[in-house]
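Peer 1: Got a sequence here, can you build the structure:
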Amino acid sequence: MIRRRVISLLITVFVSGASARESTETGTARNALERLDECLRQIDAHDSEILAVETLYREEAAATARVRDEETEEGESRGPLHAVPVAVKDLFALNARETRAGFSFAVYENATRQNAEPVQKLVDAGAVLVGTTRLTEGAWTEYSAAGGPPPRNPFSSLLWQGDSSSGCGTGVAAGFYPICLATDTSGSIRNPCLMNSLACVKPRRAMFGRGDVWPLAQRLDTVGVVARNAADLASAMQAADASRDFLKAAADARSAVKTMRVGIPWSLVDAAEPESLAPTIRDAAKLFRSLGVELVDVGEEIEALVPLMDALAARSTTTIADAAANNYRDVPHKDEIGGQLRELIDSHVTHEELDEIEALASNFTESWQSKTGHLDAVMLFVWGRPAPLETEIPDIVTTPALFADAVRYMVPFNYADLPLFVVPARVATCGKSECPFADRPRSFQLVGNSELALLQLTAAYEEARGELEYPYDDASDDASDAAASDAPRRLRVAVAAAGAAAAVPLLGE
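Peer 2: Sure thing, here's the model as predicted:
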């Protein structure tokens with residue numbers, strides 16, 4: 001059982017959109033300065049322990065917030081993120097600021113760049129940039145020794161915090177900022193979202209673009225969003241792509257999903273870990289069925305793809321190594337880079353190896369489309385293992401069989417450039433007197449072809465699921481022992497429909 005740390009947090013969830021400016025507690029409008037001040041107070045009170053923030057832009061953010069308030073008073077709105085505080089992972093180029101990408105040196109100098117393309121899309125939509133978030137060195141696997149220890153999961157010192165986007169994940173979970181712009185190469189958005197019970201999107205690469213984003217592996221890198229719910233994701237996606245109405249799609253989700261079809265690989269679910277993974281999928285399937293979604297068994301189809309998925313997962317490091325060797329060839333401070341990233345940079349990858357990987361990726365993409373293209377989504381595990389503790393990560397990443405189980409459902413979709421959402425799940429009953437994974441976070445992935453359809457499935461599920469207790473639900477049998485023992489208080493996340501505001505009362509032990 002996880003014994004969680006004592007952290008007293010009062011977290012407000014800022015659901016973006018027009019009605020997000022209404023406070024759920026007072027019913028009065030909160031202006032941009034007030035919302036920014038709430039974020040800064042939360043950061044000042046708790047980031048010394050969470051360690052999510054790299055750099056705060058207090059004065060610049062306040063100046064922007066004042067402009068947004070003036071615009072609001074004049075009846076103007078810049079877009080779906082007007083007056084919404086956001087943070088960005090510290091590998092996006094920023095106007096007149098340095099970008100360090102997890103290193104002790106700058107990869108983008110402060111006077112030589114404008115905002116990266118994805119950042120500028122949020123700014124143009126009215127966002128207030130609060131600051132940047134910490135990440136692993138070069139967005140790979142290790143935090144730089146010069147940068148201090150990694151961020152900490154705000155719910156437990158024992159839980160893993162996630163991957164290179166963990167500053168985004170832990171910061172959003174702790175209420176430091178409602179939206180964080182992140183990147184995903186082989187799971188770097190999905191991991192912190194799973195570990196911090198957050199709603200996230202890895203869209204197709206074209207949605208946000210990648211201009212002036214420090215790369216890990218251009219073949220796989222995708223810009224996405226870490227948030228708490230589908231409503232915030234919809235607003236960020238609307239800012240990135242005005243050609244589609246994501247806000248309306250989220251608002252109409254309950255009616256829209258009644259005509260949708262979701263595939264579930266039941267044979268893989270039945271064979272999965274029985275106390276965490278399988279119950280999560282079964283419970284979500286039951287809820288989707290109650291919404292009128294047609295469920296289709298794709299067990300045979302997905303099982304046939306597992307060898308390809310495992311092959312791509314195993315070879316993804318080769319793709320990343322080849323990119324790293326090229327990306328860092330002329331970096332002035334390359335000698336200061338150590339650890340696993342340095343091993344990648346110094347490795348040699350042959351054209352034959354890359355050709356083999358591309359053949360596998362093409363085969364997987366074509367096979368996935370032929371087997372699932374008729375569906376609106378396929379529901380999958382995020383990890384093929386229960387959400388890990390911090391102490392379990394070394395064994396997982398160094399044991400091939402464990403690593404394959406963990407990442408099988410991640411990196412293939414980067415090769416195929418398929419959009420997906422991570423959806424926090426309620427805890428289901430495991431049916432046993434002792435459930436060692438009862439108090440670990442649970443999520444599932446929805447993978448498909450249309451960001452709009454995936455958003456609607458996510459929003460409809462959230463609304464029907466209702467309030468989420470992290471990391472377990474008192475009502476479930478597998479949480480009863482834990483609830484009665486050493487966790488007198490839990491984070492209760494109030495999830496609202498798209499366009500509505502929501503508040504999170506507390507976190508603490």
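Peer 1: Show me where the protein dips below the pLDDT cut-off.
Peer 2: Of all residues in the chain, those with pLDDT under 70 make up the ranges 1-29, 111-113, 427-436, 438, 469-509.
Peer 1: following the longest helix seen in it, which helix or strand comes up?
Peer 2: Longest helix of the chain, by residue count under DSSP state H: helix 299-327. For helix 299-327, the following helix or strand on the C-terminal side (DSSP states H and E) is helix 339-346.
Peer 1: list the helices and strands the helix or strand that that following helix is followed by packs on?
Peer 2: Per DSSP H and E, the first helix or strand lying C-terminal to helix 339-346 is helix 351-372. If contacts are counted by 3 or more Cβ pairs under 8 Å, 6 or more residues apart in numbering; DSSP states H and E, helix 351-372 sits against helix 299-327, helix 411-415. Backbone N, C-alpha and C define where each C-beta goes, glycine included.
Peer 1: nearest to Arg205, of those?
Peer 2: With Cβ to Cβ as the criterion, Arg205 lies closest to helix 411-415 of the helices and strands packed on helix 351-372, at 8.9 Å.
Peer 1: Now do the same contact list for the nearest residue to Arg315 once chain neighbours are set aside.
Peer 2: Using Cβ to Cβ, 6 or more residues apart in numbering and skipping the chain neighbours, the partner closest in space to Arg315 is Ile357 (5.0 Å). By Cβ atoms under 8 Å, 6 or more residues apart in numbering, the residues touching Ile357 are Leu312, Arg315, Thr318, Thr319.
Peer 1: Could you rerun that using 10 Å?
Peer 2: Arg219, Ala311, Leu312, Ala314, Arg315, Ser316, Thr318, Thr319, Asp322, Val349, Tyr415 (Cβ atoms under 10 Å, 6 or more residues apart in numbering).
Peer 1: how far away is the residue nearest to the first one when sequence neighbours are not counted from Cys180?
Peer 2: Just to be clear, that refers to Arg219. Distances taken as Cβ to Cβ, 6+ apart put Thr319 closest to Arg219, at 5.5 Å, once the chain neighbours are dropped. For Thr319, the distance to Cys180 (Cβ to Cβ, to the nearest Å) stands at 25 Å.
Peer 1: Have a look at the two and say which one is more surrounded.
Peer 2: More neighbours surround Cys180 than the other of Thr319 and Cys180, with 30 against 26 (other Cβ atoms under 10 Å).
Peer 1: So in that sheet, which strands flank the helix or strand where the more buried one lies, and in what orientation?
Peer 2: Under the criterion of DSSP H and E, Cys180 resides in strand 179-184. According to DSSP bridges, strand 179-184 has the following sheet partners: strand 85-89 (parallel), strand 222-227 (antiparallel).
Peer 1: Output the ones you listed as TSV; include the columns distance to Val213 and mean neighbour count.
Peer 2: Output for these, formatted as TSV (distance: least, Cβ to Cβ, whole Å; neighbours: other Cβ atoms under 10 Å):
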stretch	distance to Val213	mean neighbour count
strand 85-89	9	29
strand 222-227	6	30
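Peer 1: Of all those strands, which one is nearest Val298?
Peer 2: That would be strand 222-227 among the strands paired with strand 179-184, by Cβ to Cβ, at 23.9 Å.
Peer 1: Can you tell me which helices and strands the helix or strand following the closest one packs against?
Peer 2: For strand 222-227, the following helix or strand on the C-terminal side (DSSP H and E) is helix 230-240. Secondary-structure packing of helix 230-240 (3 or more Cβ pairs under 10 Å, 6 or more residues apart in numbering; DSSP states H and E): strand 85-89, helix 117-124, strand 179-184, strand 199-202, strand 222-227, helix 246-251, strand 420-424, helix 451-465.
Peer 1: Give me the angle between the longest one and helix 230-240.
Peer 2: Pointing back at helix 451-465 there. Orientation check (axes from the mean of the first three to the mean of the last three Cα atoms, to 10 degrees): helix 451-465 against helix 230-240 gives 160 degrees.
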